[in-house]
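Asker: Need a 3D model of the following:
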Amino acid sequence: MPAVDKDAIFKRVRKMLSRMMKLKEPTISLESHLRDDLGVDSVDIWEIITKMEEEFGIEVEEGDARGVGTVQDVVDYVERKMRTLKD
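Answerer: Take a look at the predicted model:
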């Protein structure tokens, strides 16, 4: 299995968020806050979680979404989950 590349994860997360939230990719940065900057609401969060599970082949644990506030948090979470799959 290839190494987990945070930059590649970010690009995939950014593309996914861009499509879901109808935003231009360049407006989404690692520092973007999901709710305040990108307009993500509680319904969107569940859609994002479902898409993340499909996109990255991971399982998001119930309650994990509470600790996620920024795009960086999403990237870090996906990277951690992918590392555990790799091990």
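Asker: what's the residue nearest the centre of the chain in contact with, if anything?
Answerer: For the chain, the residue nearest the mean C-alpha position is V74 (3.8 Å; C-alpha atoms, centre = their mean). Counting by C-beta atoms under 8 Å, 6 or more residues apart in numbering, V74 makes contact with V13, L34, I48, M52, V68. In short, each C-beta sits where N, CA and C put it, glycine included.
Asker: what's the first one sitting at in phi/psi?
Answerer: I take that to be V13. V13 adopts backbone torsions of phi -60, psi -40, taken as degrees, to the nearest 10.
Asker: Can you list the buried residues in the helix or strand harbouring the residue nearest to the centre of the chain?
Answerer: Element membership for V74 (DSSP states H and E) is helix 71-86. Across helix 71-86, burial judged by 16 or more other C-beta atoms under 10 Å covers V71, Q72, V74, V75, D76, Y77, V78, E79, K81, M82.
Asker: can you pull the alpha-carbon coordinates of that helix into CSV?
Answerer: What follows is helix 71-86, C-alpha atoms only, in CSV (Å, rounded to 0.1, in the frame of the first residue of the first chain):
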residue,chain,number,x,y,z
VAL,A,71,-10.2,21.4,6.8
GLN,A,72,-6.8,20.6,8.5
ASP,A,73,-8.8,18.6,11.2
VAL,A,74,-10.4,16.6,8.4
VAL,A,75,-7.1,15.9,6.6
ASP,A,76,-5.4,14.9,9.9
TYR,A,77,-8.3,12.6,10.8
VAL,A,78,-8.3,10.9,7.4
GLU,A,79,-4.6,10.5,7.5
ARG,A,80,-4.7,8.9,11.0
LYS,A,81,-7.5,6.5,9.9
MET,A,82,-5.6,5.6,6.7
ARG,A,83,-2.4,4.9,8.7
THR,A,84,-4.3,2.5,11.0
LEU,A,85,-5.7,0.7,7.9
LYS,A,86,-2.1,0.5,6.5
